[in-house]
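> please find the sequence and the predicted model below.
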Amino acid sequence: MKLEGTYNFEAKREFVWDMLQDPEVISSIIPGSEKLEEIGENKYLSVLKIKVGPVSGRFEGQVELTDLNAPESYTMIMSGKGPAGHMNGTGNVRLEEDGDATIMHYTGDAQVGGKVAAVGQRLLDVAAKQMAKQSLNLLAKRIQERIKESES
């Protein structure tokens, strides 16, 4: 399963970077996130409740941020498993300055197995794109909320 795209944020690159490094923010924008707990430097324990088509389940896993090049880019390595299946994946994020705005370029590649993979590649791709869009829209909203808080 592959995912890639861009997203424009109305905030400076350093501000977007800082938000992406905040576990509370990240946990609040991931659909189905029940927990994101720091267990080491740039390593997190994650619990997600996910529904893809007729298959749903709770997945526990780890997320690690590597190749951090603040405030420009990083790589995210993910793994998770649950009764409905398992997943391993890698994602890359690059933030590009665009005046007072930031363009995020993202790519991801994941391998999914078990019951969740049985729903089919097309449904998995659609679900992944919807989750990415929902997460990025929520991140944009959180960024604007934090900017307003800092201005008052």
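Sure thing, it's come through.
> now do the helices in the chain.
13-20, 23-29, 121-151 (DSSP state H).
> deepest of the ones you listed, which one?
Most buried of those, by mean neighbour count (mean count of other C-beta atoms under 10 Å): helix 13-20, with a mean of 19. (Glycine included, C-beta is placed from N, CA and C.)
> quick one, which of the helices of the chain is nearest to residue 55?
Minimum separation from residue 55 across the helices of the chain (C-beta to C-beta) falls at helix 121-151, 9.3 Å.
> circling back: can I get the helices of the chain in TSV including mean pLDDT and distance to residue 59?
Below are the helices of the chain laid out as TSV (pLDDT from 0 to 100; distance: least, C-beta to C-beta, whole Å):
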stretch	mean pLDDT	distance to residue 59
helix 13-20	97	21
helix 23-29	91	14
helix 121-151	92	13
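> of all those, which lies closest to residue 102?
Closest of these to residue 102 is helix 13-20, at 4.6 Å (criterion: C-beta to C-beta).
> so what's the residue nearest to residue 71 when sequence neighbours are not counted up against?
Excluding its sequence neighbours, the residue lying closest to residue 71 (C-beta to C-beta, 6 or more residues apart in numbering) is residue 17, at 3.6 Å. Residue 17 is in contact with 70-72, 95, counting by C-beta atoms under 8 Å, 6 or more residues apart in numbering.
> redo that, cut-off 7 Å
70-71, 95 (C-beta atoms under 7 Å, 6 or more residues apart in numbering).
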